[in-house]
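# Okay, predicted coordinates and the sequence, questions at the end:
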Amino acid sequence: MRWALVKVCLAVTAMVVVAFAVPLGLVVKELARDRAFSNAEREAAAVAPALSITTDRDKLERVVASAGADRGMAVHIPAAGGQTAVDIGRQRAADRDIAAVRKLGRASTTGVSGGSTLLQPVALSSGAIAVVEVYVPESEVTNGVGAAWAVLAAVGLALIVGSVAVADRLGVRMVQPAQRLAEGAHELGEGKLGARVPEEGPNELRLAAVAFNSMADQVVQLLANERELAADLSHRLRTPLTVLRLNAASLGEGTAAEQTRAAVAQLEREVDTIIRTAREAKPQTAAIGPGAGCDAAEVVRERMGFWSALAEDEGRKWRVAGADRPVRIPVARADLAAALDALLGNVFRHTAEGTAFAVDVHNAEDAVIVLVSDAGHGIRDPEAAMARGRGSGAAGSTGLGLDIVRRLAESTGGDVRIGSSVLGGTEVRIWIQLDGRKPERKGHRGAVRRRRPRRQHGDNGRRGTGGTTGRIGLDL
């Protein structure tokens, strides 16, 4: 569209320039010719008074010399009254042309070698007709025409270039907003819910951008509400299921106890299936648009407030560090809450009661690091645990929890790593990039280790003891 507009403008401007420049060029040429012959007529008229008074050769030569000898003036006086014919100056015109002017009695021009001549008849006192011949060289007829044509060509070219430049700017102003709108719609269709379009350009495109952004905001809000409902459902189901599992474990032996434990296990599997289906059906959020994001510290405090109640029931020591000040990240609140619930749920599900855990938030210059660590036995194969759909291999592991966390980090240009925690168990590090660039692969863990978080809440100044049952799985 942009180049089409430029081509149309180029064609129209070129036609306008040609329509005006060609006639102007011809007019300039004609004006130069008229100017040259007007000067010749004026010089010929300067000799006419002298011819009407005298036909003396010497006097006429002085008059011709003073009037236009540099132009090549000649005077032709016919023989009359017993006087011989007199020719002063160089004759360039043909005798028949001179005779024709003398006979007709009016001026005329005729072409000669190197230019033209003006033949002007003058009546003598004797009644005879003399002819004044003024030579007009071709260089004088075209004097200034080339420069005038060059100026016209330069002006025409400048108009064409200027019109193309203006058309290009107008095309950019019209096309770029349309391209951004198309790209935004394409990104939104690919699941990049942060895609937004700048509200600029012509009024129609601005209105379209406003409508698109409003639609995208509504889509994000609807999906966020859906995900919040799914998260709430998982929370509400996980907690009573955990309590049921713990109570069923304390029922002892017997048919009723075994049936109860089997029913709880079946119920957990069904819940896992429901959660897996809901997660897999959810479109992937690849970016966060203007105005999106959340306070990581607030979300951490909120989710820890939820899990702390269950931690107290199971006698787990826990602490939170770095969440006392706002930490803004380009991640939706529901996404971060789901990722934290997945990791904390793994701690409760796959470590023994009494196993300590901690959540640390580190705010760097270009990234925010969230660490979830425990005092369990760790993960034997972190690479397999990060593979989607494989999980830890333990019963009840759906293999989606860490995948949720990984997608959250990668949507900002960050990543997720699994290692050993200072508590002795597993540490899951979520690197959330603030500027969308890929994180440096070197020195991250060292930087994290140098900062020792403050102990808060349920930690009484003692490091929690490790559990006895396996490792963190991939739940939720």
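Cool, got the structure.

# So residue 184 lies in a helix, does it not?
Yes. Per DSSP: H, G, I helix; E, B strand; the rest coil, residue 184 lies within a helix segment.

# got a list of what it touches?
Contacts for residue 184 (Cβ atoms under 8 Å, 6 or more residues apart in numbering) come out as 195, 196, 197, 212, 216. Any C-beta I mention is one placed from the backbone N, CA and C, and that applies to glycine too.

# Most neighbours out of those residues, which is it?
When neighbours are counted by other Cβ atoms under 10 Å, residue 197 leads these with 27 neighbours.

# Next secondary structure element downstream of the helix or strand residue 261 falls within?
Of the helices and strands defined by DSSP states H and E, residue 261 is found in helix 255-281. Sequence order places strand 294-295 as the next helix or strand after helix 255-281, per DSSP H and E.

# Packing partners of that next one?
strand 328-329 (3 or more Cβ pairs under 8 Å, 6 or more residues apart in numbering; DSSP states H and E).

# can you give me the mean pLDDT across the strand it packs on?
Per-region confidence: strand 328-329 scores 90 on mean pLDDT.

# what's the answer for stretch 173-186, then?
So the average pLDDT for stretch 173-186 ends up being 81.

# try stretch 125-137
Per-residue scores along stretch 125-137 average to 81.

# what do you get for stretch 84-104?
81.

# Name the residues that touch it?
Under the criterion Cβ under 8 Å, 6+ apart, residues 55, 57, 60-61, 64, 69, 72-79, 107-108, 110, 112-113, 117, 119-121, 129, 131, 133, 135 lie in contact with stretch 84-104.

# Quick one: buried ones out of those?
Using 16 or more other Cβ atoms under 10 Å as the burial test, the contacts of stretch 84-104 include 55, 60, 64, 72-78, 107-108, 110, 112, 117, 119-121, 129, 131, 133, 135 as buried.

# For the residue nearest to residue 296 when sequence neighbours are not counted, grab phi and psi.
Excluding the flanking residues, the one nearest residue 296 by Cβ to Cβ, 6 or more residues apart in numbering is residue 327, at 4.3 Å. Per-residue torsions, residue 327: phi -130, psi 100 (degrees, to the nearest 10).

# what's near enough to touch residue 327?
By Cβ under 8 Å, 6+ apart, the contact list for residue 327 reads 295, 296, 297, 361, 363, 368.

# Distance to residue 418 added to those, as TSV?
What follows is the contacts of residue 327, written out as TSV (distance: Cβ to Cβ, whole Å):
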residue	distance to residue 418
295	26
296	20
297	23
361	18
363	22
368	18
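
# ok, and the most crowded of these?
Using other Cβ under 10 Å as the neighbour test, these are led by residue 296, with 25 neighbours.

# is it true that it touches residue 361?
Yes. At 5.9 Å, residue 296 counts as touching residue 361 under the criterion of Cβ atoms under 8 Å.

# Are there residues contacting both of those two? Which ones?
When Cβ under 8 Å, 6+ apart defines a contact, the residues bordering residue 296 and residue 361 alike are 323, 327, 368, 370.

# With just CA atoms, put whichever strand or helix holds the last one into CSV.
Remark: residue 370 resides in strand 367-374, with elements defined by DSSP H and E. Written as CSV, here are the backbone C-alpha positions of strand 367-374 (Å, rounded to 0.1, in the frame of the first residue of the first chain):
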residue,chain,number,x,y,z
ALA,A,367,15.8,-9.6,36.6
VAL,A,368,13.8,-10.9,39.6
ILE,A,369,14.8,-14.2,41.0
VAL,A,370,12.3,-16.3,43.0
LEU,A,371,13.8,-19.3,44.9
VAL,A,372,11.6,-22.1,46.3
SER,A,373,13.7,-24.4,48.4
ASP,A,374,13.1,-27.3,50.8
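
# right, and the helix or strand after that strand?
Toward the C-terminus, strand 367-374 is succeeded by helix 382-386 as the next helix or strand (DSSP H and E).

# Find out how far that following helix is from the centre of the chain, if you would.
Distance, stretch centre to chain centre, for helix 382-386: 39 Å (Cα atoms, centre = their mean, to the nearest Å).

# Of all the residues in the helix or strand following it, which ones are buried?
Using DSSP H and E, the helix or strand that follows helix 382-386 in sequence is helix 401-410. Neighbour-count burial for helix 401-410 flags 401, 402, 403, 404, 405, 406, 407, 408, 409, 410 (criterion: 16+ other Cβ under 10 Å).

# repeat for stretch 418-436
Buried residues in stretch 418-436, counted by 16+ other Cβ under 10 Å: 418, 421, 423-434.

# chain center to it: distance?
When distances are taken as Cα atoms, centre = their mean, stretch 418-436 is centred 36 Å away from the chain's centroid.

# Extract the C-alpha trace of that stretch and format it as PDB.
Extracted in PDB, the C-alpha atoms of stretch 418-436 (Å, rounded to 0.1, in the frame of the first residue of the first chain):
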ATOM      1  CA  ILE A 418      16.900 -27.000  39.600                       C
ATOM      2  CA  GLY A 419      19.700 -27.400  42.100                       C
ATOM      3  CA  SER A 420      20.600 -28.100  45.700                       C
ATOM      4  CA  SER A 421      19.300 -25.700  48.300                       C
ATOM      5  CA  VAL A 422      21.000 -24.400  51.400                       C
ATOM      6  CA  LEU A 423      18.400 -26.300  53.400                       C
ATOM      7  CA  GLY A 424      19.800 -29.500  52.000                       C
ATOM      8  CA  GLY A 425      17.100 -30.400  49.600                       C
ATOM      9  CA  THR A 426      15.900 -29.100  46.300                       C
ATOM     10  CA  GLU A 427      16.000 -25.500  45.100                       C
ATOM     11  CA  VAL A 428      14.000 -24.300  42.100                       C
ATOM     12  CA  ARG A 429      15.200 -21.000  40.800                       C
ATOM     13  CA  ILE A 430      12.800 -18.900  38.600                       C
ATOM     14  CA  TRP A 431      14.700 -16.200  36.700                       C
ATOM     15  CA  ILE A 432      12.200 -13.600  35.500                       C
ATOM     16  CA  GLN A 433      13.800 -11.200  33.000                       C
ATOM     17  CA  LEU A 434      12.600  -7.600  33.300                       C
ATOM     18  CA  ASP A 435      13.700  -6.400  29.800                       C
ATOM     19  CA  GLY A 436      12.800  -9.400  27.800                       C
END
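
# I'd like to know which of the contacts of residue 327 is nearest to residue 269.
The shortest approach to residue 269 among these belongs to residue 296, at 32.7 Å (Cβ to Cβ).

# Which elements pack onto the longest helix out of those in the chain?
Identified as the longest helix of the chain according to DSSP state H is helix 2-53. Packing contacts for helix 2-53, counted by 3+ Cβ pairs under 8 Å, 6+ apart, involve helix 57-68, strand 73-77, strand 115-123, strand 129-137, helix 138-141, helix 145-189.
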